[in-house]
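In: My questions are about this predicted structure, shown below with the sequence.
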Amino acid sequence: MKREMFPGDFLWGVATASYQIEGAYNEDGKGESIWDRFAHAPGKIKDGTTGDVACDHYHRYREDIALLKELGVNAYRFSVSWPRIFPCGKGEVNQKGLDFYDALVDELLKQGIKPLLTLYHWDLPQPLQFHGGWTNTDTVQAFLEYAMLLFKKLGDRVELWATFNEPWCISFLAHELGEHAPGIKDLRTALQVAHNVLVAHGKAVKAFRSENPSGKTGIVLNLYPVHPSSESEQDKEAAILSDCYRNRWFLDPVFKGEYPQELLSVYQKLYGDFAKDYESIQVACEKIDFLGVNYYSREVVSHDPKSILKSKTVKVEAKRTDMGWEIYPQGIQEILVRINREYGPIDLYVTENGAAFKDELKDGEIRDYERIDFLKEHFKNTYYAIQQGVPVKGYFVWSLMDNFEWAHGYSKRFGLFYVDYNDNLKRIPKESARWFKKFLNNEISLE
Ligand SMILES: OC[C@H]1NNC[C@@H](O)[C@@H]1O
């Protein structure tokens, strides 16, 4: 199975995100983001690092685009740092911020690489957080102002636009579990955030249509197959509610304009007042052109009477990545086939898939054969989905290079290129980068 067996216009790319690679956290007029503040707070990041410098991509973007060229990709997914454009979140525009993304897009196009731009990959301007962040509908309005400006400035050259990256992380991971910025631990707040982000998504799609009729827009969701640990009714019930929490809380509003009733009723018992918000969720259902799917692993759950979802994660015996995530390649096929069956027809992009492993630089080499196996199996399972008629239009490996892995700092390496943090952030191709390049050049097959 070679690259040429995938559709001729299939996009093969890599993905990154602004806070994780850019650095220059307070340069050229950029404002503070909630991640700048969170990373600087003691104890929030496991290795005590920040994204202040990260991979210094802000200064090295031409070098990094040369790496894309060297790999042979035809697409690149990146995100824009909102506080680099609007240092206060709204109002005054930072021209140097716009100039950076203008130059980035021009260089990508010059190198024959198609950009996929993500408007929001978690780095909210801190001034907006002072006023409640995503719990405040003023932030929805500020997001629309930000999105419209970018549509106007880059819409002539960027065709593919994603509104949000992983709203599950923006809401539940960051506002219920507190592991990501702004580090709040309150389910009611998380539900309000999820609601406002979904509303912002729908309004941005509507605004996009008025500004960019030729472009294509969508949203990027992190999706997991959720399997019961046994065939018992209780475990199957646990899987249904966990699937609502992980996947359908965002899929159903975006494609059906409603929340999944099974979980909605649970939350309404907890927060009766939350019911009044649901009338406006159909706003989220503006027709999109594609869905971005970020796939990493599956979840296995069993009944847990003590939890709100009556569900708890079960750790099954399995090969795992350095993040502790089960390696489950058939899950990408399962998710793509399910989305097509239950929410399609809709063009799909695998907007992120990849793995962290304990990569070691030895004699100038990084022999990451586990990552090659991981990618090979996920490419194959993506192809099996295409063979079943699923309109998968592209695949972006997470990530181009090692970078700031949020609460894990630089301790987890996902890159095809190794970043030597002890030697001036030097980029060194891992064995997987060489393998990917050969695959893209039709030199090797996936068998
Ligand atoms: O955890 C790996 C990736 N998952 N999706 C969002 C990205 O920002 C993460 O680095």
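Out: Nice, thanks for sending it over. Bear in mind the structure is a predicted one, so any value in this text is a computation, not a measurement.
In: where's the helix or strand where residue 19 lies relative to the chain centroid, distance-wise?
Out: Assessed by DSSP states H and E, residue 19 sits inside helix 18-21. Centroid separation for helix 18-21 versus its chain: 12 Å, with C-alpha atoms, centre = their mean, to the nearest Å.
In: what does the helix or strand just after it contact?
Out: Where DSSP H and E defines the elements, the next helix or strand beyond helix 18-21 is helix 34-40. Helix 34-40 has contacts (C-beta atoms under 8 Å, 6 or more residues apart in numbering) with 19, 25-26, 44-45, 49-52, 122-126, 129, 133, 180-183, 404. All C-beta atoms are positioned from the backbone trio N, CA, C, and that covers glycine.
In: switch to 6 Å and redo it
Out: With C-beta atoms under 6 Å, 6 or more residues apart in numbering as the test, helix 34-40 has contacts from 19, 25, 44-45, 50-51, 123-124, 126, 129, 181-183.
In: Just the buried ones among these, please.
Out: 19, 25, 44-45, 50-51, 123-124, 126, 129, 181-183 (16 or more other C-beta atoms under 10 Å).
In: Contact residues of the stretch 151-300 of the chain facing the ligand?
Out: 166, 294 (C-beta under 6 Å from any ligand atom).
In: The stretch 201-350 of the chain: helices as residue ranges?
Out: 233-243, 249-256, 261-270, 330-343 (DSSP state H, counting those that start in this stretch).
In: Would you mark the buried spots in the third one?
Out: What that stands for is helix 261-270. Buried, per 16+ other C-beta under 10 Å, within helix 261-270: 263, 264, 266, 267.
In: most centrally placed residue in this structure?
Out: Nearest to the mean C-alpha position of the chain, counting by C-alpha atoms, centre = their mean, stands residue 165 at 4.2 Å.
In: Name the nearest residue to it, sequence neighbours excluded.
Out: Closest residue to residue 165 apart from its sequence neighbours, by C-beta to C-beta, 6 or more residues apart in numbering: residue 121 at 4.2 Å.
In: ok, that neighbour touching residue 167?
Out: No - Residue 121 lies out of contact with residue 167 (C-beta atoms under 6 Å); the separation is 11.2 Å.
In: hang on, the earlier thing: make a markdown table from the buried ones among the contacts of helix 34-40 and add secondary structure to it.
Out: A markdown table is the format used below for these (DSSP: H, G, I helix; E, B strand; the rest coil):
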| residue | secondary structure |
| --- | --- |
| 19 | helix |
| 25 | coil |
| 44 | coil |
| 45 | coil |
| 50 | coil |
| 51 | coil |
| 123 | coil |
| 124 | coil |
| 126 | helix |
| 129 | helix |
| 181 | coil |
| 182 | coil |
| 183 | coil |
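In: Closest one to the ligand out of those residues, please.
Out: residue 19 (8.4 Å; C-beta to the nearest ligand atom).
In: got the buried residues for stretch 108-125?
Out: 108, 113-125.
In: tell me the pLDDT at residue 279?
Out: As predicted, residue 279 sits at a pLDDT of 60.
In: hmm, I was thinking of residue 254
Out: 98.
In: And residue 203, how close does it get to residue 191?
Out: In this view, residue 203 and residue 191 are 19 Å apart by C-beta to C-beta, to the nearest Å.
In: Which one of those two is surrounded by more residues?
Out: Ranked by neighbour count (other C-beta atoms under 10 Å), residue 203 and residue 191 place residue 191 first, with 22 against 19.
In: Going by contacts, tell me the helices and strands next to the lowest-mean-pLDDT helix or strand in the chain.
Out: Sorting the helices and strands of the chain by mean pLDDT, DSSP states H and E puts helix 261-270 at the bottom, at a mean of 92. Packed against helix 261-270, as judged by 3 or more C-beta pairs under 6 Å, 6 or more residues apart in numbering; DSSP states H and E, are no other helices or strands.
In: Contacts for stretch 296-315, please.
Out: So stretch 296-315 is contacted by 224-227, 229, 234-235, 238-239, 241-242, 245, 316, 325-326, 328, 331 (C-beta under 6 Å, 6+ apart).
In: Same question for stretch 347-358.
Out: Contacts for stretch 347-358 (C-beta under 6 Å, 6+ apart): 15, 77, 220, 290-295, 321-323, 336, 368, 370-371, 374, 378, 391-398, 412-414.
In: Of those residues, just the buried ones, PyMOL syntax please.
Out: In PyMOL, this line selects whichever of these come out buried by 16+ other C-beta under 10 Å:
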select buried, resi 15+77+220+290+291+292+293+294+295+321+322+336+368+370+371+374+378+392+393+394+395+396+397+398+412+413+414
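In: in the chain, which segments are predicted with low confidence?
Out: Scanning the chain for pLDDT under 70 picks out 273, 275-279.
In: Hmm, residue 99 and residue 84 touching each other?
Out: No - using C-beta under 6 Å, residue 84 is not in contact with residue 99; the gap is 10.1 Å.
In: Please identify which of the two sits among more neighbours.
Out: Ranked by neighbour count (other C-beta under 10 Å), residue 84 and residue 99 place residue 84 first, with 26 against 11.
In: and that one, how far is that from the ligand?
Out: Distance, residue 84 to the ligand, using C-beta to the nearest ligand atom, to the nearest Å: 17 Å.
In: show me what contacts that residue?
Out: 30, 97.
In: Just give me the neighbour total for residue 316.
Out: Quick note: residue 316 (other C-beta under 10 Å) scores 11 neighbours.
In: what's it sitting at in phi/psi?
Out: Dihedral pair for residue 316: phi -80, psi 160, per degrees, to the nearest 10.
In: out of everything not next to it in sequence, what's closest to it?
Out: Spatial nearest neighbour of residue 316, chain neighbours left out: residue 300 (5.2 Å); criterion: C-beta to C-beta, 6+ apart.
In: So what's the residue count around the one you found?
Out: 22.
In: Specify the beta-bridge partners of it.
Out: residue 227 (DSSP bridges).
In: name the helices or strands packed onto the helix holding residue 19?
Out: Secondary elements touching helix 18-21 (3+ C-beta pairs under 6 Å, 6+ apart): none.
In: Please tell me how far residue 53 sits from the ligand.
Out: 17 Å.
In: cool, and residue 426?
Out: 21 Å.
In: give me the residue from the stretch 201-350 of the chain nearest the ligand.
Out: For the stretch 201-350 of the chain, C-beta to the nearest ligand atom, closest residue to the ligand: residue 294, 5.2 Å.
In: who touches that residue in this structure?
Out: Contacts of residue 294 (C-beta under 6 Å, 6+ apart): 222, 351, 352.
In: Just those: which are in strands?
Out: 222, 351, 352 (DSSP state E).
In: Which one of these sits in the busiest neighbourhood?
Out: residue 351 (29 neighbours).
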